[in-house]
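Asker: the sequence and its predicted three-dimensional model are supplied below.
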Number of protein chains: 2
Amino acid sequence: DAALKPRASDQPRRHPLADRNTNARLAHCEDAVKGRFEAIVPTLRKLSSLQHLEDFPARAQAIARDELGYTLPEETLTDSWVAGMDMKALYAHCAFKALTASVDQFARDIKEQREVVQDTRNFFLDCGYHAVNVSACADGRLKGLSRYILRLPLTSLTRNKAYRGTLFDVESDVRDWVSTELRRFREGVPTTADAGTRYLKIAVYHGSSSDPCHQGCAAHGSNEHKAVEAALERLNQFRQAIQNSFCCGASTDILMIGVDTDNDTIKIHVPDAKGDLSAHRYIDNAKLYADTAGLSTDGARAAVYETIRKASATTGWGAGQGEPHDGMRRLIANLLINNFSQIEYVADVYGDRYPDVGHAERFISVGDGFEEVQMRNIAYYAHLSTLEEGAPDMDVGIKIFKGLNVKHGLPVPIAIHYRYDARVPGARERVVDKTYRVRDAILARYPDLAAQGLLICHLSVQDLPTGSAMEELES
Amino acid sequence: DAALKPRASDQPRRHPLADRNTNARLAHCEDAVKGRFEAIVPTLRKLSSLQHLEDFPARAQAIARDELGYTLPEETLTDSWVAGMDMKALYAHCAFKALTASVDQFARDIKEQREVVQDTRNFFLDCGYHAVNVSACADGRLKGLSRYILRLPLTSLTRNKAYRGTLFDVESDVRDWVSTELRRFREGVPTTADAGTRYLKIAVYHGSSSDPCHQGCAAHGSNEHKAVEAALERLNQFRQAIQNSFCCGASTDILMIGVDTDNDTIKIHVPDAKGDLSAHRYIDNAKLYADTAGLSTDGARAAVYETIRKASATTGWGAGQGEPHDGMRRLIANLLINNFSQIEYVADVYGDRYPDVGHAERFISVGDGFEEVQMRNIAYYAHLSTLEEGAPDMDVGIKIFKGLNVKHGLPVPIAIHYRYDARVPGARERVVDKTYRVRDAILARYPDLAAQGLLICHLSVQDLPTGSAMEELES
Ligand SMILES: [Zn+2]
Ligand SMILES: [Zn+2]
Ligand SMILES: [Zn+2]
Ligand SMILES: [Zn+2]
């Protein structure tokens, strides 16, 4: 296990509001998770060079235990003298071992965060929000959004789902709004229906400051204007859908955040007093970080609120109708301050920007995704319920992995994962059927890769509550 | 237009509670709708024999106007001297014309029924139900379930969806329950949350008395026991899901009905005092009809209630825990009496049983289906959101139509139809995209048929409210 090791940084930055303890924990976590994936190829390469020795199986297991932390399936080693080791199968086996170990690690992490989770939940309620629904782009570089970029733990109030190009599912969000409201009316959870709290919908788009025309959002042709407009259109559609379908004061708040995937700095678009957003009214947190790094704790905090006030006073294209309500201002301030820590984290660990500005995903995550596994570039994510609807997403993923893996003879590890609701009888069985159906559809869509053993699927399901166990299915 | 013509019946039955006026209207409607489809082949056959005459286009249009009520696309007639008429395209054109005319007719019918709709709505509320959600098997022979077999108009309280083998979607029903409850809490519609009314879920299976082992429910291998068990399992799953997911008195009623598709007689399974159903505790309405046909109006009505009481006292396998509540008893009595009219209808018009005991569908209905078009054997229904999930249903439909149409050289008319919610911005556009996506998936799944022009698709969408206009899309 490795601890925080600053890898590159000429002048280590120190912001008065950055949380260096959490940064150290997150660096440790990133080292552990990525280390498990990075150890695979060197270890298999070493085994390959030994595979014709007589005592190979025993030596191989000793090496695997040492370098990977687990042993390999015995038959792949004992049979290797016949036709050589099945490296494709072994590679996929190890990738999925690394994945399940990471899932376990994040599940433990969530249990240790109980107090922070409770604080965050109370903070949302204090700001006047009984639900916080975040939809980011499915791009692998945003996979660490909650845990790293925004520093928001998964609470009972939050929902996170990612969609290609931030084109989130308005109908599904309307349903979530409906069931959230019903729980308030029936059970008074998390707030009673007359409490005047709101449902908050956040959309997160992204761009790349170092190579905006190639490393931005692929779904929008790396055109950040298009990415912003698309996210904003969906947000307005969602708010309008609720207003049209449910009379008498069915109000929701919307918020839009942009991420620079080079270094995880964010932009926050500030709603006006009517709740409306503008593509042109936002706070650039890279600038705010630089402007406030030399101040005292109190001075920096005051500067953050002053920046929000100034943003609300934007004139011209970005002009709005006054400041947002107090709760929204506090939420924005908190997100900006949280992101200071991540800006410092990236600078400490990687320097000016991530070394993997582009794609460096370890596997393709298909289905509902591993909500608890929050780490940049860990997976290419194809959020789909059927391949028929999600085929364009999957095609992009396969294309990326042809470059990353297939051209080196390595298979594409595909982890198909769906959630079910154990309270609904028969739900698990139906979701298991769906998992196999999607697997079959994927193998049928890429028959050449499948025939060469270059598509290897891992199937799992999980009950709804955050942190519940991952249940692996036979594949 | 033809009126009610008794076609076959040795001893015309007369039940004191049968509604002969409505029967006459329904017969007229059936004649009109089926007549439009039946006129197609003879008319095209006639045109075929004339297609090489010089004044063919004008003569053909005159015949079409006369026999079909509309003209044909001019270019199919003027070009016919080159390569002969494109009979496949013409056949599909006429089938879709018959379909759209029928949609219009049912939409008018619904407008004329306003008073009956209001009465039915009030009756449900009197029985203590604020929602009546009916799921039948998607079999074409149950397509007339509401309008003919049960004589229930589409009200604002009813939802109808059909699923192969009555395997309805529990998750989707839970969502409907949630939004129904929210409307009661927020708006007091149709009843306030404290009114003590219930959500009723009805499942409808089917069998064939004359040929039980071949003409029953194909999804269950024509095994009626399996069909009953499957419907009952889903009903219990739904009730349990609500109880598990929503605490404090979230109660629903369930009811199960069997239809003999030979003659539309029903069985009603009577819930006990706890709301539980049994495969073995039911009322056979064919027997009840025969037993009560000779009684007075009052006598027959009393006998219906007495039969419900007796069913509740069933001992042995079908034993339950007492009688259902008063509202449920009145609902059951009403359904039994409504069905008397349909029993008499079938006897009057067709005799002992329908001449088309098996498949005689006119087109394949894909998607949400034409809710308003309520008529037996008018369509084979593949209720699907993606072909990936619905491929088994679609394969069965294509197989049926290979027997009905393709072996005679006629194409399979496929009407793809989805509903959207106009209150949700962007919803229509997304549903239109889905309609085309499903069309493409169907053409890709049956490439041989598609290449021969034997799969012809009609695309349409419709806003949610019952009776709203059908919007045809370019295909
Ligand atoms: Zn560039
Ligand atoms: Zn993107
Ligand atoms: Zn038989
Ligand atoms: Zn059936």
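Answerer: Looks like it came in fine. Numbering: from 1, shown residues only, chains lettered A, B, ... in the order given. Ligands and ions are numbered 1, 2, ... in the order given.
Asker: name the nearest residue to the one residue in the stretch 151-300 of chain A that gets nearest to ligand 2, ignoring sequence neighbours.
Answerer: Residue nearest to ligand 2 within the stretch 151-300 of chain A: A:C217 (3.1 Å; Cβ to the ion). Every residue, glycine included, has its C-beta placed from N, CA and C. Sequence neighbours aside, A:A227 is the residue nearest to A:C217 in space, at 4.5 Å (criterion: Cβ to Cβ, 6 or more residues apart in numbering or on different chains).
Asker: which of the three states applies to that neighbour?
Answerer: helix (DSSP: H, G, I helix; E, B strand; the rest coil).
Asker: that one: neighbouring residues, count only.
Answerer: Neighbour count of A:A227, defined by other Cβ atoms under 10 Å in any protein chain shown: 23.
Asker: contacting residues for it?
Answerer: A:137, A:165-166, A:205-207, A:216-217, A:219-220 (Cβ atoms under 8 Å, 6 or more residues apart in numbering or on different chains).
Asker: what do you get for A:I110?
Answerer: A:I110 touches A:117, A:153-154, A:372, A:466-467, counting by Cβ under 8 Å, 6+ apart.
Asker: sticking with A:H206, tell me its helix or strand.
Answerer: Element membership of A:H206 [criterion: DSSP states H and E] is strand A:198-207.
Asker: so which of the contacts of A:I110 is the closest to B:E429?
Answerer: Ranking the contacts of A:I110 by separation from B:E429, with Cβ to Cβ as the measure, puts A:L154 on top at 32.6 Å.
Asker: quick check: that closest one touching A:T466?
Answerer: Yes - using Cβ atoms under 8 Å, A:L154 is in contact with A:T466, at 4.9 Å.
Asker: who touches both of the two?
Answerer: With Cβ under 8 Å, 6+ apart, A:L154 and A:T466 have common neighbours A:110, A:371-372.
Asker: narrow those residues to those in helices?
Answerer: The helices, defined by DSSP state H, take in A:I110 from the shared contacts of A:L154 and A:T466.
Asker: can you tell me which of the shared contacts of A:L154 and A:T466 lies nearest to ligand 4?
Answerer: Distances from ligand 4 to the shared contacts of A:L154 and A:T466, taken by Cβ to the ion, are shortest for A:E371, at 38.2 Å.
Asker: which non-adjacent residue is nearest the closest one?
Answerer: A:N160 (6.1 Å).
Asker: repeat that for A:P16.
Answerer: In space, A:P16 is closest to A:T297, 4.6 Å off (Cβ to Cβ, 6+ apart).
Asker: how far away is the one you found from B:N236?
Answerer: The gap separating A:T297 from B:N236 is 60 Å, by Cβ to Cβ, to the nearest Å.
Asker: next: A:A203.
Answerer: Using Cβ to Cβ, A:A203 is found at 40 Å from B:N236.
Asker: what of A:Y350?
Answerer: Taken as Cβ to Cβ, the span from A:Y350 to B:N236 is 56 Å.
Asker: what is the neighbour count of A:E54?
Answerer: 8.
Asker: looks to me like it is in a helix.
Answerer: No - using three-state DSSP, the secondary structure at A:E54 is coil, not a helix.
Asker: mind checking pLDDT for the residue of the stretch 151-300 of chain A closest to ligand 2?
Answerer: Model confidence at A:C217, given as pLDDT, is 94.
Asker: closest to the centroid, which residue in chain A?
Answerer: A:K143 (2.4 Å; Cα atoms, centre = their mean).
Asker: is it true that that one touches A:Q374?
Answerer: Yes - taking Cβ under 8 Å as the definition, A:K143 is a contact partner of A:Q374 at 6.6 Å.
Asker: what about stretch A:106-115, distance to the chain center?
Answerer: For stretch A:106-115, the separation from the chain centroid amounts to 17 Å (computed by Cα atoms, centre = their mean, to the nearest Å).
Asker: around ligand 2, which positions in the stretch 201-350 of chain A sit nearby?
Answerer: By Cβ under 5 Å from the ion, the part of the stretch 201-350 of chain A that sits against ligand 2 consists of A:C217.
Asker: can you map out the strands along the stretch 201-350 of chain A?
Answerer: Using DSSP state E, counting those that start in this stretch, the strands of the stretch 201-350 of chain A run over A:252-260, A:265-269, A:282-284.
Asker: and those as TSV, adding distance to B:L125, mean pLDDT and mean neighbour count?
Answerer: Shown next, in TSV, are the strands of the stretch 201-350 of chain A (distance: least, Cβ to Cβ, whole Å; pLDDT from 0 to 100; neighbours: other Cβ atoms under 10 Å in any protein chain shown):
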stretch	distance to B:L125	mean pLDDT	mean neighbour count
strand A:252-260	32	98	23
strand A:265-269	47	98	24
strand A:282-284	52	98	19
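Asker: which residues of the stretch 351-475 of chain A fall in helices?
Answerer: A:387-404, A:427-445, A:447-451 (DSSP state H, counting those that start in this stretch).
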